[in-house]
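Asks: Quick one, what's the 3D model for this:
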Amino acid sequence: MKFDVLTLFPEMFSPIKQSILGRAEEKKLIEINLINIRDFSKDKHKKVDDTPYGGGAGMVIRPDVVYDAYKSVYQKKAKVIYLSPQGKVLDQKKVEALSKEKHLILLCGHYEGIDQRVLDEIVDEEISIGDYVLTGGELPAMVLIDSISRQIEGVLKKDSILEESFSDGILEYPQYTRPEEFNGKKVPDVLVSGHHENIKKWRRKEALKNTFLKRPELLENKKMSEEDIKIIHDINVKYKNVPLTNKKEVKN
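Replies: Okay, the predicted model is just below:
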């Protein structure tokens, strides 16, 4: 997977060159190229923005410098994503879909935004990481790179991806490690029992409980087995929560 990032602040991206993503790039599983939009300014002071037509606060990034930066890296079949609060909110389904692309060009906005004409010309899709506004698109671009890279074969162990939050549309079960007792609290007995089937059942129950108590909306349209529905019912009774509207059942 190749990521070309068009940004005014390439120095902000040092965190994604560390740890797991750093090793993935060393192994050539991913490629992250940072393109400084300012390098394409024809102004002697490397100015890239100007006042908005129609008036208003702030400055707008010029279309010509963005277009020239884009042309420097564009290749056929590359998908261009503009990180914007106006975009569709990122979720795991979108992450998995984008991980199948070979080349992504990520455009990071700043100031009051980018001239609409160049966005209309080059952008395939706008993506947001949440319904709030940031100072620029750099942090969302890093989130996108991180979430997509984890889906690339070889970056993580396959088991890590299969059992994490949202992999099955629900949150992950709680995790424990040594010491077996910490501040008077012990690891659940089932996890040290060595009984793999019981551990599997416990983890499923805890994952459903986590989801029901923290993010119940994830269960609203999820198809569940009869056993899953029974678990949810028991959790609902125990915690006196609002019953789900989901009535779908799928027999295993």
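
Asks: Can you tell me, leaving aside adjacent residues, what's nearest to Ser84?
Replies: Glu126 (4.6 Å; Cβ to Cβ, 6 or more residues apart in numbering). C-betas here are computed from N, CA, C, even on glycine.

Asks: how about that neighbour, secondary structure?
Replies: strand (DSSP: H, G, I helix; E, B strand; the rest coil).

Asks: gap between it and Gly87?
Replies: Distance, Glu126 to Gly87, by Cβ to Cβ, to the nearest Å: 3 Å.

Asks: can you check Asp115 too?
Replies: Distance from Asp115 to Gly87, counting by Cβ to Cβ: 17 Å.

Asks: In a strand, Ser84, correct?
Replies: Yes. According to three-state DSSP, Ser84 belongs to a strand.

Asks: Tell me, what's the model's pLDDT at it?
Replies: Looking at Ser84, its pLDDT stands at 95.

Asks: Contact partners for it?
Replies: Gly109, Gly113, Glu126, Ile127, Ser128, Gly137 (Cβ atoms under 8 Å, 6 or more residues apart in numbering).

Asks: Phi and psi next, for the first one.
Replies: The one in question is Gly109. For Gly109, the backbone dihedrals (degrees, to the nearest 10) come out as phi -80, psi 170.

Asks: Might one say that Lys27 is in contact with Gly154?
Replies: Yes. If you go by Cβ atoms under 8 Å, Lys27 and Gly154 touch, sitting 6.9 Å apart.

Asks: Is Leu166 in contact with Gln92, as I believe?
Replies: If you look again at residue 166, you'll see it is Phe, not Leu. Yes. Contact criterion Cβ under 8 Å: Phe166 and Gln92 qualify, at 4.0 Å.

Asks: higher neighbour count, those two?
Replies: Shown here are Phe166 and Gln92; by other Cβ atoms under 10 Å, Phe166 has more neighbours (17 against 14).

Asks: For that one, give its distance to Lys223.
Replies: From Phe166 across to Lys223, the span is 16 Å (Cβ to Cβ).
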